[in-house]
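Q: below is the structure, and that's it, no one-letter string:
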């Protein structure tokens, strides 16, 4: 048995549910009666059949609705591993930091290509950080205060999962100077990120080794679930870029969040419209069960 969770906060009606049921049936699945998690926001449709065909059919039939298809058993997760930039926060920190050096457009173009998977992540990171050499370290605090904003739903997602006993880990190809305060503000248990070189009060243009990259993210989710004695199915991973694909594919529920096309295609589920609270509905949690932040 599978569950398809349809999510469209404030815009999900009986018409969309009927369309979803018809789409599942047309894909060779047998849908059950709908079960509302929160009326008008999120609804579960149980079904038997092929999960891949169901996802494709629902995304085609309801292009403005987020659809998460997964096994019915084990929806509530005990481990969350999340990316930071453009996932838990609304910006790419290195691009915003580059703005203080007057080179945002140049750096952002490289960031975008790296996130699409067109460039080697480590080499692209080194090249971008080298361009920041000589930037006063005080720009980091200004950037964090003026530019870094939490993604809507981030605190509610993490704090609700923690209240239910789940462990949460932030693993970022960005920098500890941003990731550590972000992790503390949201409520993560642990944070892993890159370290910027700073010497005599200015950035020295280097990143400490080893670099946190796609391999690190995969290693993190495997190590965390092993330490907790969890099966892969009890894990949730979320990210937006190509370097998130390995950890997303290793998770019981791997989610591409407002992601680049390559990442969305590789993930088990994608959230293209909703905020991060969609991942609570995907776990079968109604709003009354959330820890509101």
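A: On my side now, so go ahead. Note that this is a predicted model, so its numbers are computed, not measured.

Q: so who does residue 140 touch?
A: Residue 140 is in contact with 97, 177-178, 196, counting by CB atoms under 8 Å, 6 or more residues apart in numbering. All C-beta spots, glycine's among them, are computed from the backbone N, C-alpha and C.

Q: mind redoing it with 7 Å?
A: Counting by CB atoms under 7 Å, 6 or more residues apart in numbering, residue 140 makes contact with 97, 177.

Q: and the gap between it and residue 220?
A: Using CB to CB, to the nearest Å, residue 140 is found at 24 Å from residue 220.

Q: can you count the residues close to residue 48?
A: For residue 48, the count of nearby residues is 14 (other CB atoms under 10 Å).

Q: please apply the same query to residue 23.
A: Using other CB under 10 Å, residue 23 has 23 neighbouring residues.

Q: quick check: it touching residue 57?
A: Yes. Using CB atoms under 7 Å, residue 23 is in contact with residue 57, at 4.3 Å.

Q: distance of residue 12 from residue 278?
A: According to CB to CB, residue 12 stands 12 Å off from residue 278.

Q: partner strands of the helix or strand in which residue 68 is found, with direction?
A: For residue 68, the element it lies in under DSSP states H and E is strand 66-71. Strand pairing for strand 66-71, determined by DSSP bridges: strand 2-7 (antiparallel).

Q: tell me the mean pLDDT for the partner strand?
A: Averaged over strand 2-7, pLDDT sits at 98.

Q: got it, and stretch 43-58?
A: 98.

Q: distance between the ends of it?
A: This stretch, stretch 43-58, spans 13 Å end to end (CA to CA, to the nearest Å).

Q: so what touches that stretch?
A: Outside stretch 43-58, the residues within contact range by CB under 7 Å, 6+ apart are 1-6, 12, 17, 20-21, 23-24, 26-32, 34-37, 67, 69, 72, 284.

Q: so how far is it off the chain centroid?
A: Distance of stretch 43-58 from its chain centroid, counting by CA atoms, centre = their mean, to the nearest Å, is 22 Å.

Q: and what of stretch 15-23?
A: Distance, centroid of stretch 15-23 to centroid of chain: 27 Å (CA atoms, centre = their mean).

Q: just the buried positions in that stretch, please.
A: 16-17, 19-21, 23 (16 or more other CB atoms under 10 Å).

Q: got it, and stretch 279-293?
A: Per 16+ other CB under 10 Å, stretch 279-293 contains these buried residues: 279-285, 290-291.

Q: likewise for stretch 190-207?
A: Those would be 191-194, 196, 202-207, for stretch 190-207 by 16+ other CB under 10 Å.

Q: in a strand, residue 280, correct?
A: No. Applying DSSP: H, G, I helix; E, B strand; the rest coil, one finds residue 280 to be helix, outside a strand.

Q: surely it touches residue 290?
A: Yes. Assessed by CB under 7 Å, residue 280 is found in contact with residue 290 at 5.9 Å.

Q: could you tell me which residues touch both of these two?
A: Shared contacts of residue 280 and residue 290, defined by CB under 7 Å, 6+ apart, comprise residue 160.

Q: quick one, strands of the stretch 51-200 of the chain?
A: Using DSSP state E, counting those that start in this stretch, the strands assigned to the stretch 51-200 of the chain run over residues 66-71, 79-82, 167-175, 190-194, 196-199.

Q: wait, which of those strands is closest to residue 262?
A: Closest to residue 262 of those is strand 167-175 (CB to CB; 15.7 Å).

Q: buried residues in that closest one, which are they?
A: By neighbour count on 16+ other CB under 10 Å, the buried set for strand 167-175 is 167-175.

Q: please apply the same query to stretch 88-107.
A: 88-89, 91-101, 103-104, 107.

Q: how about stretch 57-75?
A: 57-59, 61-62, 65-70, 75.

Q: distance from it to the middle of the chain?
A: 17 Å.

Q: stretch 164-180 now?
A: With CA atoms, centre = their mean as the basis, stretch 164-180 stands 11 Å off its chain's centre.

Q: swap in stretch 74-89?
A: Relative to the centre of its chain, stretch 74-89 is centred 6 Å away, using CA atoms, centre = their mean.

Q: and if you look at stretch 193-204?
A: 27 Å.

Q: show me which helix runs longest in the chain.
A: For the chain, the helix with the greatest residue count under DSSP state H is helix 214-228.

Q: quick one: mean pLDDT over that helix.
A: Average pLDDT, helix 214-228: 98.

Q: okay, buried residues for that helix please.
A: For helix 214-228, a neighbour-count test (16+ other CB under 10 Å) marks 214, 216-222, 224-225 as buried.
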